[in-house]
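A.B. asks: Quick one, fold the following:
(one chain, ligands or ions: 1)
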Amino acid sequence: MTTRQQQSAVLALQWTGHSLRVLDQRQLPDTINYDEYTDAQGVAQAIASMRVRGAPAIGIAAAYGVVLSVNQHYSKSNSSWQQQVQTDITTLANSRPTAVNLFWALTQMKSVLDGQSDDPLPTILACAKKIHADDIAANYKMGELGADVLANATGILTHCNTGALATGGYGTALGVIRTVYARNPIKIYAGETRPWLQGQRLTVWELAQDEIPVTLIADSAAAWLMKSGAIDWVVVGADRIALNGDVANKIGTYSLAVLAKQHDVKVMVVAPTSTIDGAIENGDQIEIEQRQQSELLPDCYTDNTYVSAWNPVFDVTPAGLISAIVTERGVAFNPGVNGVVGLIEA
Ligand SMILES: CSC[C@H]1O[C@H](OP(=O)(O)O)[C@H](O)[C@@H]1O
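C.D. replies: Take a look at the predicted model:
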């Protein structure tokens, strides 16, 4: 079992003091390669291309992208620096549409910028670092709260990657799984999560780094695993949560929730309150990202006019299919009844 410090060795993002180092997750688990960014456009491209991915990690990366923009444009002699930074913020906001953490982080950074007249860099950097540090603290808190709920769990299936690679460190759903396993070494299953394979390539790798045994399953094996009785919980992350408790998460989550209902398996969603979108009442209002067909289709069909691919990379799980939504501020049980308003009003 690695310590918290050792776990921090596998990080999606590293602020160097003057640049942002980003682990290129497209190359994992075969290659560990960090790219270094010194401007906001580069960070926006790193998010859009999924070099960095995962709702909280996307927000943190965008926050440092704003710092890089201020560092690039601010000077006492440049009267246009605020417009230039706003252009960069818009570029960052356009990188991916579904994870609300991106927009939440940019809003935090803009609120700090708006009040600045002198050199904004120290204040804006402090804001980005606080977003980063608060995310890690939230993950450890959610780990404890979620593990309390799972005290009698016998087997867990998780989907996609919600670990240190998707956050500032430790993870949301995978943070709960890390905490559960430290208390009670139960069976952990990870779904491969087609088509991008976050589960097969990232979650299995993270858990192996922590010496936590994990069994990979094909996405299509989830129902049969549930029927076998091997799991009693599905534990996943989120990219955007509506006030009524509807949850947008990686494509396949809705399927797992429907299957879980059929097999008396409970569903836990783990996400910081920065993932709750207070501006939307229900999941119908959540924009679902469609990614390139090439991420699903074999290359041989690239120019074939008869073949296409439909590639939504998120879906929405109705609150009524969810047993508990765990945040750093507390747990909303049976969100289909009361939603999650209580978690953001606290
Ligand atoms: C810690 S939440 C991570 C969340 O983000 C993932 O999506 P993507 O890999 O496309 O950024 C997935 O929905 C996870 O649940």
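
A.B. asks: quick one: contacts for the nearest residue to A238 once chain neighbours are set aside?
C.D. replies: Of all residues not flanking A238 in the chain, A271 sits nearest, at 3.9 Å (Cβ to Cβ, 6 or more residues apart in numbering). C-beta: built from backbone N, CA, C; applies to glycine. Residues near A271 by Cβ atoms under 8 Å, 6 or more residues apart in numbering: 55, 142, 172, 237-238, 241, 247, 325-327.

A.B. asks: Please convert those to a markdown table, extending it with distance to G115.
C.D. replies: Below are the contacts of A271 laid out as a markdown table (distance: Cβ to Cβ, whole Å):
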| residue | distance to G115 |
| --- | --- |
| A55 | 27 |
| M142 | 31 |
| T172 | 31 |
| G237 | 33 |
| A238 | 31 |
| I241 | 29 |
| V247 | 34 |
| I325 | 33 |
| V326 | 34 |
| T327 | 28 |
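
A.B. asks: Pick out whichever of the residues you listed sits closest to A12.
C.D. replies: Here the nearest of the contacts of A271 to A12, counting by Cβ to Cβ, is A55; it sits at 11.7 Å.

A.B. asks: could you check whether the one helix or strand Y64 maps to is close to the ligand?
C.D. replies: Element membership for Y64 (DSSP states H and E) is helix 55-73. Yes. On the criterion Cβ under 6 Å from any ligand atom, helix 55-73 is in touch with the ligand at 55-56.

A.B. asks: Quick check: residues of the stretch 101-250 of the chain near the ligand?
C.D. replies: 160, 162, 166-167, 172, 198, 236-237, 239, 249-250.

A.B. asks: so where is the stretch 1-150 of the chain shaky, pLDDT-wise?
C.D. replies: Scanning the stretch 1-150 of the chain with the threshold set as pLDDT under 70 gives 1-9.

A.B. asks: would you list every one of the strands in the stretch 51-200 of the chain?
C.D. replies: Ranges of strands in the stretch 51-200 of the chain, per DSSP state E, counting those that start in this stretch, are 155-158, 187-191.

A.B. asks: Next, count neighbours for the nearest residue to R53 once chain neighbours are set aside.
C.D. replies: Excluding the flanking residues, the one nearest R53 by Cβ to Cβ, 6+ apart is Q25, at 6.1 Å. A count of nearby residues for Q25, using other Cβ atoms under 10 Å, gives 25.
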